[in-house]
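Participant: no letters, just coordinates:
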Ligand code: NDP
């Protein structure tokens with residue numbers, strides 16, 4: 001086995017156990033209940049609650065769809081198609097950031113091409129009457145059910161692979177089987193030399209499914225009502241702009257915490273394979289049978305506000321990456337950037353330097369990029385108006401996730417950069433919301 005690096009957890013073991021048990025026991029039923037409420041209970045938590053009160057556990061078991069052959073076929077064909085695009089579409093060679101063990105992973109940047117091919121293929125299949133995306137909507141519960149079980153098995157595979165055939169020295173055991181399974185063993189697991197598993201799970205399966213399902217919901221509403229309501233249009237356009245931005249900037253994503261710091265385990269992989277397709281797309285799932293009419297003016301205001309937030313979020317990420325790529329020799333908001341030169345030691349004992357940007361968006365707060373991210377999610381949900389809370393679940397979840405992530409990232413950077421991070425905190429005192437938090 002490769003020399004191991006200690007798998008550090010950012011939370012205490014007690015919190016890790018608690019979070020793991022909650023995720024394992026609560027998230028799968030939640031995904032099913034979310035789907036059931038959106039599709040069969042008018043988006044009303046009260047209606048689902050009453051049903052469960054009346055029918056108890058047996059009633060819950062009855063609404064849990066069994067994974068059918070159609071569901072497995074859809075998942076398998078979609079997964080195989082995305083894997084083939086990831087492997088065979090041409091793309092520029094891109095180097096990821098230096099890993100904690102001192103490695104530099106290499107990727108093929110063909111995400112935008114894969115995204116384009118996927119959407120064109122999917123819409124063409126519908127347009128030419130070869131495959132109707134409403135089939136996906138009609139089997140959604142079965143698909144989520146299959147994904148819940150399939151992803152769990154996939155995470156067991158990742159755990160075993162981490163033990164018997166790690167792809168690089170960025171791998172290792174914490175000595176605790178539960179933590180290894182939950183947080184993962186390998187940072188960059190691959191099949192062969194070129195097929196990167198995290199790029200597949202996070203980007204090509206998870207994020208791609210977001211766009212595919214957004215289009216599916218739109219088509220389903222069209223087939224149900226003979227037209228697409230302006231609320232659905234705003235929701236779909238904003239989600240597609242967001243996912244397009246993601247693939248446009250996919251190589252940048254390979255520098256973020258998800259890829260460069262979080263190992264491939266249940267936490268991240270299950271999240272991308274199950275939680276993203278179900279929870280992230282849920283505002284659109286709600287709108288399918290709630291064709292709210294906003295009126296052109298209101299629809300346009302929401303659309304513009306949403307696009308602006310997505311742009312600002314993109315610009316924050318772009319600014320940080322441009323700053324790092326040029327080694328600080330770039331303009332930030334028209335001026336030379338202010339920065340901190342932070343040295344740190346890798347796990348192999350080498351001393352390295354990173355630049356921390358302290359002006360532009362990164363001078364407003366240490367994680368300002370999360371503010372437009374949350375607001376964008378609000379703007380693609382608000383077309384659902386305020387009759388029910390459930391469409392806003394994603395916004396609420398994202399807010400908690402990102403505030404927790406800001407803390408996790410701060411803790412990690414503090415232990416990586418020590419006094420230099422302290423200096424950054426003195427210069428930029430707020431963690432997320434300038435002047436408040
Ligand atoms: P990033 O990884 O992009 O940024 C944090 C990292 O950047 C730190 O770990 C540190 O890494 C480096 N860094 C921190 N401060 C500075 C600085 N001042 N100057 C230069 N580098 C710095 O963050 P995220 O992965 O959290 O976010 C990336 C994008 O993904 C965002 O747009 C975010 O909104 C989005 N996102 C969306 C989620 C969703 O579920 N919708 C979830 C999470 C993120 P290093 O070790 O290199 O110094």
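Facilitator: Looks like it came in fine. Since we're looking at a predicted model, the values are computed, not measured.
Participant: could you use CA atoms for every contact and neighbour count after this?
Facilitator: Fine.
Participant: give me the below-cutoff pLDDT ranges for this protein.
Facilitator: Within the chain, the stretches with pLDDT under 70 are 1-12.
Participant: domain ranges for it?
Facilitator: When the chain is parsed with the TED database, its domains come out as 62-292, 294-436.
Participant: gap between the two ends of the last one?
Facilitator: The stretch domain 294-436 measures 33 Å between its terminal residues, going by Cα to Cα, to the nearest Å.
Participant: run the chain-centre distance for that domain.
Facilitator: Mean-position distance between domain 294-436 and its chain equals 15 Å (Cα atoms, centre = their mean, to the nearest Å).
Participant: is there any residue in that domain that contacts the ligand?
Facilitator: Yes. Applying Cα under 6 Å from any ligand atom, one finds domain 294-436 in contact with the ligand at 313, 317, 320, 355-358, 362, 369-370, 373, 409.
Participant: residue 88: which of the residues you listed is nearest?
Facilitator: Nearest to residue 88 among these, counting by Cα to Cα, is residue 317 at 27.9 Å.
Participant: who's in contact with that closest one?
Facilitator: By Cα atoms under 8 Å, 6 or more residues apart in numbering, the contact list for residue 317 reads 252, 369.
Participant: cool, residue 45 as well?
Facilitator: Counting by Cα under 8 Å, 6+ apart, residue 45 touches 37, 388-390.
Participant: please pick the buried ones from those residues.
Facilitator: By neighbour count, with 16 or more other Cα atoms under 10 Å, the contacts of residue 45 hold 37, 390 as buried.
Participant: which of the contacts of residue 45 sits closest to the ligand?
Facilitator: residue 390 (17.4 Å; Cα to the nearest ligand atom).
Participant: so what's the closest one closest to, chain neighbours aside?
Facilitator: Nearest residue to residue 390 in three dimensions, chain neighbours excluded: residue 43, at 6.3 Å (Cα to Cα, 6 or more residues apart in numbering).
Participant: the one you found: helix or strand, and which one exactly?
Facilitator: Residue 43 is part of no helix or strand when elements are defined by DSSP states H and E.
Participant: and what of residue 381?
Facilitator: Per DSSP H and E: residue 381 is located in helix 370-381.
Participant: what sits up against that helix?
Facilitator: 234-236, 238-239, 283, 302-303, 305-307, 309-310, 312-313, 391-392, 394-395, 398-399, 402, 432-433.
Participant: if we can go back for a sec, which of the residues of domain 294-436 next to the ligand sits closest to residue 92?
Facilitator: Within these, distances to residue 92 taken as Cα to Cα reach their minimum at residue 317, with 20.1 Å.
Participant: and the angle from the helix or strand where that closest one lies to helix 370-381?
Facilitator: Using DSSP H and E, residue 317 sits within helix 296-325. Calculated by axes from the mean of the first three to the mean of the last three Cα atoms, to 10 degrees, helix 296-325 forms an angle of 150 degrees with helix 370-381.
Participant: other SSEs contacting the very next helix or strand once past helix 296-325?
Facilitator: Using DSSP H and E, the helix or strand that follows helix 296-325 in sequence is strand 339-345. Helices and strands touching strand 339-345, by 3 or more Cα pairs under 8 Å, 6 or more residues apart in numbering; DSSP states H and E, are strand 351-357, helix 393-417, helix 419-427.
Participant: would you format these as TSV with mean neighbour count included?
Facilitator: Below are those laid out as TSV (neighbours: other Cα atoms under 10 Å):
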stretch	mean neighbour count
strand 351-357	15
helix 393-417	16
helix 419-427	16
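Participant: report the contact partners of the closest residue in space to residue 420 that isn't next to it in sequence.
Facilitator: Once flanking residues are discounted, residue 420 sits nearest to residue 342: 5.4 Å by Cα to Cα, 6+ apart. Counting by Cα under 8 Å, 6+ apart, residue 342 touches 353-356, 417, 420-421.
Participant: let's go with 10 Å and repeat that
Facilitator: The contact partners of residue 342, taken as Cα atoms under 10 Å, 6 or more residues apart in numbering, are 352-356, 416-421, 423-424.
Participant: what is the nearest of those to the ligand?
Facilitator: The shortest approach to the ligand among the contacts of residue 342 belongs to residue 356, at 3.5 Å (Cα to the nearest ligand atom).
Participant: partners of the closest one in the sheet?
Facilitator: Beta-bridge partners recorded for residue 356 (DSSP bridges): residue 340.
Participant: so what's the residue count around the residue in the stretch 1-150 of the chain positioned nearest to the ligand?
Facilitator: Nearest residue of the stretch 1-150 of the chain to the ligand: residue 97, at 7.3 Å (Cα to the nearest ligand atom). Residue 97 is flanked by 17 other residues according to other Cα atoms under 10 Å.
Participant: same check on residue 344?
Facilitator: Neighbours of residue 344 (other Cα under 10 Å): 17.
Participant: which ones are touching it?
Facilitator: 350-354, 413, 415-418, 420.
Participant: what ranges do the strands span in this protein?
Facilitator: With DSSP state E as the criterion, the chain has strands at 92-95, 106-109, 190-191, 195-196, 339-345, 351-357.
Participant: re earlier: among the domains of the chain, which is nearest residue 27?
Facilitator: When those are compared by Cα to Cα, domain 62-292 sits nearest residue 27, at 8.2 Å.
Participant: I'd like to know how far residue 323 sits from residue 380.
Facilitator: From residue 323 to residue 380 the distance is 30 Å (Cα to Cα).
Participant: then residue 422?
Facilitator: 37 Å.
Participant: which residue, neighbours along the chain excluded, lies closest to residue 68?
Facilitator: Excluding the flanking residues, the one nearest residue 68 by Cα to Cα, 6+ apart is residue 142, at 6.2 Å.
Participant: distance check, that neighbour against residue 215.
Facilitator: 19 Å.
Participant: could you do residue 111 as well?
Facilitator: According to Cα to Cα, residue 111 stands 18 Å off from residue 215.
Participant: now swap in residue 246 and tell me
Facilitator: Per Cα to Cα, residue 246 is found 16 Å from residue 215.
Participant: do residue 140 as well
Facilitator: According to Cα to Cα, residue 140 stands 14 Å off from residue 215.
Participant: mind listing what residue 336 touches?
Facilitator: 328-330, 359.
Participant: now the residues you listed: which count as buried?
Facilitator: Counted by 16+ other Cα under 10 Å, the contacts of residue 336 give 328, 330, 359 as buried.
Participant: pick the one among these closest to the ligand.
Facilitator: Nearest member of these to the ligand, counting by Cα to the nearest ligand atom, is residue 359, at 8.0 Å.
Participant: that closest one and residue 328 touch, don't they?
Facilitator: No. Using Cα atoms under 10 Å, residue 359 is not in contact with residue 328; the gap is 11.2 Å.
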